[in-house]
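>>> Here is my input, please return the structure:
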Amino acid sequence: QFLLGESDIGQNRAEASQRVLAELNPRVTVSAHTGKLSEDFLTSFQVVVLTESPLEEQLRIGDFCHAHGICFIVADAKGLAGQLFCDFGEHFIINSPAEGNPACVAVQHISQGNPGVVTYKRAENSPHDLFCDGTLVMFSGVEGMTELNGRDPIPVRVLDDFRLEICDTSSFSPYIRGGLVSQVCLPQAHSYEPLRQALVEPKIQAAALQELPRSLSLHAAFQALHAFCREQGRLPRPRAPADAEQVLELARSLWMQQGSLDEDLVRAFASVSAGDLCPIASIIGALAAQEVLKAITGKFLPLDQWLYLDALECLALEGAATLTEEDCAPRGSRYDGQIAIFGAAFQERLAQQKYLVVGAGAIGCELLKNFAMMGLAAGPDGDLIVTDMDTVALSNLHRQFLYRSVDISEPKSVVAAAAVKHMNPEIMVTAHQNQVGPATEMLYGDEFFQHLDGVASAVDTLEARTYLERRCSRCRTPLLDSGTEGPRGNVLVMVPFLTKPHGPAGASEESSFPSCTVHNFPHTIQHTLQWALDEFEGLFQLPMEYVNAFMGDPAFLEQLPAKKALQILEQVRDRLWERPRDWWDCVRWARRHWQSCYHDGIAQLLHFYPPEHVSLPGVPFWSGDKTCPHPLTFDPDNDTHMEYVLAAARLFAQVYKVSPCSDRVAAQTLLRSMVLPPFTPQERLQIITAEEQEEVQAPADHMRRVELTQDLMQQRQELLADEEVQMPLMEPIRFEKDDNIHVDFITTASNLRAENYGIPPADWLTSKRIAGRIVPAIITTTAAVAGLACLEVYKLVWGCQDLSCYRNSNLFPSCYLLLRFQP
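Prediction:
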């Protein structure tokens, strides 16, 4: 119970825990209740979760919650097994059953026929099963075949990864261009049985049909354990055969299923049921918390209705099977719950372990917490090293619970090490701030890895994971690799001489896009977001850095190629020429830039390649991945247009150190009065249409460069002599995903570009995630994954060489699937 410390011994657990929980998020009100769970008290809650509760209390509260429409969850962990139950009432509405956002893709073509066939464009790295037979879709923005726009949802039949059959379109107008096809996810109503009935007629979620008998035996074992506690007033003594046999006899009397009760399983469960393991509690607690989120949000399918988890394969380890009641008796130690399962000698072995944790992010925090609770490296010869180059950021606080607001900008590894040391003062933890990779092999060489008992990988890049697997494989060091993405997670275990090398868990490649696609022919929101990031860098960062460098020492240009030096000089000239006098100049600049990007630039592209342009005889230029764009017309009453101008103006003001103004109405009034010159095509401008096509560069104009340098040198002298001008002259801005103004600009810039090309827009959070390269993460998944990984640590510490005892794990809490399988 990591929320509690030695100073809390003797205090009420709820009150002691409340103080720590309140620190995690000041915006969440946490209160402690130490009285009876009366009906009057329960009526004020939307969800009730019971843990460590006797069956009689579960039944009483379960009946009340079911009758009053309160979502009810039971979470219980006993020894090496856990139990989860959900009752969300007789009419629970699931608003978003599917994981992720509904599919939305751009239409390429729609045939006239019965049925009509829709051809659509897929985004890079999109799943193959975007649609399935029977999926309902709606159309919008279709030109030509307008009869489809706004029509009631239409069921589809999937032909392949790019085509769908829809309704009869033979009488519709011919398709011309554009349009979006969007998946329609209708709410689902689900009904759940109360606990009293679900005990007798259990609906159990199992990863595979062959796992169901094991879960049914655990269902009987948990009920038998409740009966034993009711009769004896205690849990079975660890490794006491008589107590285990009594639990088995009770389970036999409760068995009402087809097939036979797994008696060995029940004995094993009962023999260690008095134990208390942090990893099991972590998994069950995380999955219960995920169910709470489902109950509150109506997102994802809830558990229907029972889930059982066990790691009883740990008892088959060499040495574990022969433990006696004396070996597992309480020692008055903080580890008595673990000793009850694995014995006192194993606890001493745990304390001497030498482990490296690479990464102190979401999974790293959970691993470190578990290691502290388990007593890993808590002996005089133990050594737990955690290394991470990163510092704590505000966005980390929603899932990396070892950190607080006061830790922002502090080294993660240092803060994490101090936090787990506070949880368990005995743990021998050391913080490093290094990357583990080729550049640091003088620190983390073969001898270093060979000295370790194990490595826990909690990094978030494919490169880092691959490197760790390669090093551990070469040095014969056990490796646990954990990965998450949103609600999904997995764990892979690598044991020297036993398992084969495998790819890292949950790894995904970062994709890059051809320049011509991003700048002229985007067809996914990822393309337009990359374009917006390039815009951000090209408007607010690089030119300002060039200006400051020129003001500091123009000689840096002499080290550059002539063409590059001329380009930089032109950017310096433009930025000095554009210097705003006040906020309103910034708004005018943003409006002119809007026109350049979303109207004039598109009009220029269409001047060279009009909609009817043909690249080869009979082959339209605007076909395949090339979507014909259309210019936008600025409207100050359009929220996206205004938000772009205001975000761009704020950033422009920041780089020039001009005070902004928040008067939106005044900005709209100014924008309505602005008159911009009409678009005039540029005949000599080159547009790159293929990645291999190189931009034609005119020979560097030496005289032009000399003249420009002389002009700028004169401006430089004038600025340096002006006492009112502060240096550095400009404030370059690097994109930061945690800055809302930055994300405002990226989101609106991308969505306007998407509108040019008929691409489905992305909301603010999605844009932030993609542009900030944020791997979706949720603390419930990271906690469960870390718990699953730590179950494998027990086997590694035993030195297990039986492959059948190890488990890799895949976790899909959104559809409630937990797969544990042999490597």
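>>> tell me, how many neighbours does Leu557 end up with?
20 (other CB atoms under 10 Å). Where C-beta positions appear, they are placed from N, C-alpha and C, glycine not excepted.
>>> Going forward, count from 896.
Understood, numbering begins at 896; the last thing we discussed is Leu1452.
>>> Find the nearest non-adjacent residue to it, please.
Closest residue in space to Leu1452, ignoring its immediate chain neighbours: Ala1460 at 4.5 Å, by CB to CB, 6 or more residues apart in numbering.
>>> Distance check, the one you found against Ile1005.
52 Å (CB to CB, to the nearest Å).
>>> Looking at those two, which has the bigger crowd around it?
Ile1005 (25 against 18).
>>> you'd agree that one is up against Asn1044?
No. In this structure Ile1005 lies outside contact range of Asn1044 using CB atoms under 8 Å: 11.5 Å.
>>> what's the overlap in contacts for the two?
Val1037, Gly1074 (CB atoms under 8 Å, 6 or more residues apart in numbering).
>>> if we can go back for a sec, and the residue nearest to Leu1452, what helix or strand is that in?
helix 1457-1472 (DSSP states H and E).
>>> on contacts alone, who are the packing partners of the following helix or strand past that helix?
Where DSSP H and E defines the elements, the next helix or strand beyond helix 1457-1472 is helix 1478-1490. In this structure, helix 1478-1490 packs against helix 1534-1550, helix 1559-1568, with contacts taken as 3 or more CB pairs under 8 Å, 6 or more residues apart in numbering; DSSP states H and E.
>>> Could you tell me the angle between the last one and helix 1478-1490?
Yep, that's helix 1559-1568 we're talking about. Interaxial angle of helix 1559-1568 relative to helix 1478-1490 (axes from the mean of the first three to the mean of the last three CA atoms, to 10 degrees): 60 degrees.
>>> go on, the longest one?
Using the same axes, to 10 degrees, one finds that helix 1534-1550 and helix 1478-1490 are set 130 degrees apart in direction.
>>> name the helices or strands packed onto helix 1534-1550?
Helix 1534-1550 packs on helix 1420-1435, helix 1478-1490, helix 1559-1568, helix 1635-1652, going by 3+ CB pairs under 8 Å, 6+ apart.
>>> Ok, which of these comes nearest Lys1316?
Closest to Lys1316 of the helices and strands packed on helix 1534-1550, according to CB to CB: helix 1635-1652, at 35.2 Å.
>>> buried residues in that closest one?
Neighbour counts over helix 1635-1652 (16 or more other CB atoms under 10 Å) mark 1636-1652 as buried.
>>> Please report the distance of Pro1320 from Leu1297.
16 Å.
>>> between those two, which one's more packed in?
Leu1297 (23 against 11).
>>> so Thr1361, which of the three states?
helix (DSSP: H, G, I helix; E, B strand; the rest coil).
>>> where do the strands sit along the stretch 1146-1295 of the chain?
For the stretch 1146-1295 of the chain, the strands defined by DSSP state E, counting those that start in this stretch cover 1201-1205, 1249-1253, 1278-1282.
>>> Save the ones you listed as CSV, and put in distance to Gly1074 and mean pLDDT too.
Shown next, in CSV, are these (distance: least, CB to CB, whole Å; pLDDT from 0 to 100):
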stretch, distance to Gly1074, mean pLDDT
strand 1201-1205, 43, 95
strand 1249-1253, 47, 97
strand 1278-1282, 51, 97
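>>> closest to Phe1392 out of these?
Closest among the strands of the stretch 1146-1295 of the chain, using CB to CB: strand 1249-1253, at 19.3 Å.
>>> list the helices and strands that closest one packs on?
Using 3+ CB pairs under 8 Å, 6+ apart, strand 1249-1253 is in contact with helix 1257-1269, strand 1278-1282, strand 1349-1352.
>>> Now the longest one - C-alpha only, CSV.
The C-alpha coordinates for helix 1257-1269 follow below in CSV (Å, rounded to 0.1, in the frame of the first residue of the first chain):
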residue,chain,number,x,y,z
ALA,A,1257,4.7,6.7,-16.9
ILE,A,1258,5.8,3.0,-16.9
GLY,A,1259,9.0,3.8,-15.1
CYS,A,1260,7.2,5.4,-12.2
GLU,A,1261,5.0,2.4,-11.8
LEU,A,1262,7.9,0.0,-12.0
LEU,A,1263,9.9,1.9,-9.4
LYS,A,1264,6.9,2.0,-7.0
ASN,A,1265,6.4,-1.7,-7.4
PHE,A,1266,10.0,-2.4,-6.8
ALA,A,1267,10.0,-0.3,-3.6
MET,A,1268,6.9,-2.2,-2.3
MET,A,1269,8.4,-5.6,-3.2
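>>> For it, name the packing helices and strands.
Checking 3+ CB pairs under 8 Å, 6+ apart, helix 1257-1269 ends up next to helix 1173-1192, strand 1249-1253, strand 1278-1282, helix 1307-1318, strand 1374-1380, helix 1674-1693.
>>> Off-centre distance for stretch 1132-1143?
44 Å (CA atoms, centre = their mean, to the nearest Å).
>>> same deal with stretch 1124-1143?
43 Å.
>>> Mind listing what's buried along that stretch?
1124, 1130-1135, 1138-1143.
>>> Can you pick out the most distant pair from the residues you listed?
Farthest pair in the buried residues of stretch 1124-1143, by CB to CB: Cys1124 and Arg1134, 17.7 Å.
>>> doesn't Ala1240 make contact with Ala1215?
No. If you go by CB under 8 Å, Ala1215 and Ala1240 don't touch, sitting 10.7 Å apart.
>>> Those two: which is more packed in?
Neighbour count, other CB under 10 Å: between Ala1215 and Ala1240, Ala1215 has more, with 21 against 12.
>>> show me the contacts for the more buried one.
Cys1209, Phe1237, Gly1238, Phe1241, Trp1693.
>>> List phi and psi for the third one.
Okay, so that is Gly1238. phi 90, psi 160 (degrees, to the nearest 10).
>>> Could you check how far it is from Cys1685?
From Gly1238 over to Cys1685 (counting by CB to CB), the distance is 18 Å.
>>> which of these two has more neighbours?
Cys1685 (28 against 22).
>>> show me what contacts the residue nearest to that one when sequence neighbours are not counted?
Excluding its sequence neighbours, the residue lying closest to Cys1685 (CB to CB, 6+ apart) is Pro1174, at 3.9 Å. Pro1174 sits next to Ala1206, Asn1265, Met1269, Ala1681, Gly1682, Leu1683, Cys1685, Leu1686, Tyr1689 when contact means CB under 8 Å, 6+ apart.
>>> tell me which of these is nearest to Phe1707?
Closest to Phe1707, out of all of those and judged by CB to CB, is Leu1683, at 12.8 Å.
>>> what's around that closest one, how many residues?
Neighbour tally, Leu1683, other CB under 10 Å: 29.
>>> That one reaches Asn1703, doesn't it?
No. Contact status for Leu1683 versus Asn1703: not in contact, 9.1 Å apart, counting by CB under 8 Å.
>>> pretty sure Val944 belongs to a strand, no?
Yes. The assignment for Val944 is a strand, going by three-state DSSP.
>>> these two touch, right, it and Val1187?
Yes. If you go by CB under 8 Å, Val944 and Val1187 touch, sitting 6.5 Å apart.
>>> which neighbours do those two share?
In contact with both Val944 and Val1187: Ile968, using CB under 8 Å, 6+ apart.
>>> Distance of Asp1355 relative to Glu1380?
10 Å.
>>> Run a quick neighbour tally on Gln906.
By other CB under 10 Å, neighbour count at Gln906 equals 12.
>>> State the distance from it to Lys1632.
Following CB to CB, the distance that separates Gln906 from Lys1632 is 41 Å.
>>> same thing with Pro1082?
32 Å.
>>> So these two - more neighbours on which side?
For Pro1082 versus Lys1632, the count of surrounding residues by other CB under 10 Å is larger for Lys1632: 17 against 10.
>>> pLDDT value on the residue of the chain most remote from its centre, please?
Largest separation from the mean C-alpha position in the chain: Met1598, at 53.7 Å (CA atoms, centre = their mean). With respect to pLDDT, Met1598 scores 79.
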